[in-house]
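Trainee: Here's a sequence, model it:
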Amino acid sequence: MRGGSIAVVGGSIAGCAAALAAARGGAERITVFERADARLRDRGVGIALHSDRYDELRDAGYVAPEMPWAPLTRRVWSVRDGDTPRGRAVAVQPFPFRAYNWGALWGELRRRVPDHVDYRSGSPVTAAESDDDGVTLLLADGRRERFDLVVGADGYRSVVRASMFPETGPTYAGYVGWRGTSRDATGLPSDGHDAHNIVFPGGHCMTYRIPDGHGGQVLNWVLYTAPPQLDGGHPDLRTPTSLPPGRLTAQLTARLRALVSEHFPPYWAARILGTPAESTFIQPIYDLEVPHYTAGRTALVGDAASVARPHIGGGSVKALQDAAALESAWSAGTSWTEVLQAYDAARGGVGAAMVALARRMGELQVENTPDWSGMAQPEFDVWWQDQNRGSDRRSGFGGHSIKAP
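Mentor: All right, here's what the predicted structure looks like:
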């Protein structure tokens, strides 16, 4: 397939990768619609790519060595043990990952999008109307634009997905992730290549260093637990939402401080509680599966297609692999039908398998946590293998192998 007009709805990591795939596939006119303006793109949260998945994506041309990263080699699981500063290590795992700053990774992908692509910041899309010959996008300013193919890369609240599968949407998992970045990474332990999981009844907190985008490093953390109980109950999170940085109330902040003070070893409690309020936020955890990755002249990539809980460590990998698979289908197909059928066949099963594995991990790591204090390495290894049952190279921890059959 060569030529044609393509719209990508969403301009973050998945959207930039999809635009790059369309350009390499031979699309003639590519337009990216990103609802946020350029000032909102510099997010400081951390993401991690499994080293093997990085190698595959590098070979496919979607990541590059010049993207700033921090190496991770082990993950240490620790529980509070009296006043021991860093607690007691329950278990240690190999953890061959590369840690990135979301904003820096997005910035590098954005620079790789060819100049002829029309990237429009501050351009929300409100609806997509499909027919046999193409898709019409309705823009927030009232304009309508017509394309041969539309790729939905607009996240878990996707407008494109809603037009394809109106009855399909995110399902609240019943718990949240508190997230933050501590601007001061000085004084961290010398084992800087370790990720640390601090465990407690009803959840855990993962911490690791990421580049700050200016040559230094910051401490990134995400804490999974039940939603905070507030006066009058807890927030209704069944409708997809989030509480972005700067939106935490005094009551929410007090709940976070109480939980950390009660369950965390002193060293890690100080690190989490020292995170500035303006860089702390709440991300409710959702699951999402779609019947197909394509319908008519529309396709989905990244979180618009499927959302696996973050415990699997493969969300960004999946978004980039979706783009790589779309490029491959584009290069091999001789019609829009062939391209979209091949893409759906390549990615639908992968997305479903990742969602299923992430659910099992969430159930055992947050919803029904073990007696962490009674664990040592042998018990931990059995527990870890239990949640990974049935996974393979196509759907394992860290994301599936794009080279797997």
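Trainee: Could you check what's spatially nearest to H311, not counting adjacent residues?
Mentor: Nearest non-adjacent residue to H311, counting by C-beta to C-beta, 6 or more residues apart in numbering: M361, 3.9 Å away. Every C-beta, even on glycine, is put in place using the N, C-alpha and C of the backbone.
Trainee: buried stuff in the host helix or strand of that neighbour?
Mentor: Assigned by DSSP states H and E, M361 belongs to helix 336-362. Burial within helix 336-362, assessed by neighbour count using 16 or more other C-beta atoms under 10 Å, is assigned to 336, 339-340, 342-344, 346-348, 350-351, 353-362.
Trainee: hmm, back to that, just confirm the residue nearest to H311 contacts G313, I think it does.
Mentor: No: if you go by C-beta atoms under 8 Å, M361 and G313 don't touch, sitting 9.4 Å apart.
Trainee: Tell me which residues touch Q341, please.
Mentor: By C-beta atoms under 8 Å, 6 or more residues apart in numbering, the contact list for Q341 reads T294.
Trainee: and it, what pLDDT?
Mentor: Q341 carries a pLDDT value of 96.
Trainee: Please apply the same query to G274.
Mentor: 88.
Trainee: follow-up on the earlier one: so how far is the helix holding M361 from its chain's centroid?
Mentor: 15 Å (C-alpha atoms, centre = their mean, to the nearest Å).
Trainee: I would like the residues contacting the next helix or strand after that helix, please.
Mentor: Once helix 336-362 ends, the next helix or strand along the chain (criterion: DSSP H and E) is helix 377-387. Residues from elsewhere that reach helix 377-387, judged by C-beta under 8 Å, 6+ apart: 77, 90-93, 357, 360-361, 363-365, 370, 375.
Trainee: Could you tell me the angle between the helix holding M361 and helix 377-387?
Mentor: 150 degrees (axes from the mean of the first three to the mean of the last three C-alpha atoms, to 10 degrees).
Trainee: which helices and strands does the one helix or strand R209 maps to pack with?
Mentor: In this structure, R209 is located in strand 203-211 according to DSSP H and E. For strand 203-211, the helices and strands in contact under the criterion 3 or more C-beta pairs under 8 Å, 6 or more residues apart in numbering; DSSP states H and E are strand 46-50, strand 70-79, strand 88-101, strand 194-200, strand 217-225, helix 266-273.
Trainee: Show me what it pairs with in its sheet, parallel or antiparallel.
Mentor: Take DSSP bridges as the rule and strand 203-211 pairs in its sheet with strand 194-200 (antiparallel), strand 217-225 (antiparallel).
Trainee: how about CSV for the contacts of helix 377-387, with pLDDT and distance to L139 added?
Mentor: CSV is the format used below for these (pLDDT from 0 to 100; distance: C-beta to C-beta, whole Å):
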residue, pLDDT, distance to L139
W77, 97, 48
V90, 96, 52
A91, 97, 51
V92, 96, 52
Q93, 94, 47
L357, 91, 38
R360, 93, 41
M361, 94, 39
E363, 95, 41
L364, 94, 44
Q365, 95, 41
P370, 96, 50
M375, 94, 54
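Trainee: ok, so of those, who is nearest V8?
Mentor: Closest approach to V8 among the contacts of helix 377-387 (C-beta to C-beta): L357, at 28.0 Å.
Trainee: A91 versus the closest one, what's the distance?
Mentor: The spacing between L357 and A91, counted by C-beta to C-beta, to the nearest Å, is 19 Å.
Trainee: so E28 touches G3, yeah?
Mentor: Yes: if you go by C-beta under 8 Å, E28 and G3 touch, sitting 4.3 Å apart.
Trainee: Same drill for those two, tell me which one is more crowded.
Mentor: Comparing E28 with G3 by other C-beta atoms under 10 Å, the one with more neighbours is E28, at 13 against 10.
Trainee: do you know how far the more buried one is from G362?
Mentor: From E28 to G362 the distance is 43 Å (C-beta to C-beta).
Trainee: S242 now?
Mentor: 17 Å.
Trainee: go on, Q93?
Mentor: Counting by C-beta to C-beta - Q93 and G362 are separated by 18 Å.
Trainee: Check I272 too.
Mentor: 21 Å.
Trainee: Just the residues contacting stretch 325-336, thanks.
Mentor: Applying C-beta under 8 Å, 6+ apart, the contact partners of stretch 325-336 are 1, 4, 18, 20-22, 24-27, 60, 148-149, 151, 297, 299, 301, 338-340, 342-343, 346-347, 402.
Trainee: If any of those are buried, give me the PyMOL selection for them.
Mentor: Selection of buried members from these for PyMOL, criterion 16+ other C-beta under 10 Å:
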select buried, resi 1+4+18+20+21+22+24+25+27+60+148+149+151+297+299+301+339+340+342+343+346+347+402
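Trainee: Return the subset of the contacts of stretch 325-336 lying in strands.
Mentor: In strands, judged by DSSP state E, the following of these are found: L149, V151, A299.
Trainee: And stretch 363-377, end to end?
Mentor: Using C-alpha to C-alpha, to the nearest Å, one end of stretch 363-377 lies 20 Å from the other.
Trainee: Alright, I will stop here.
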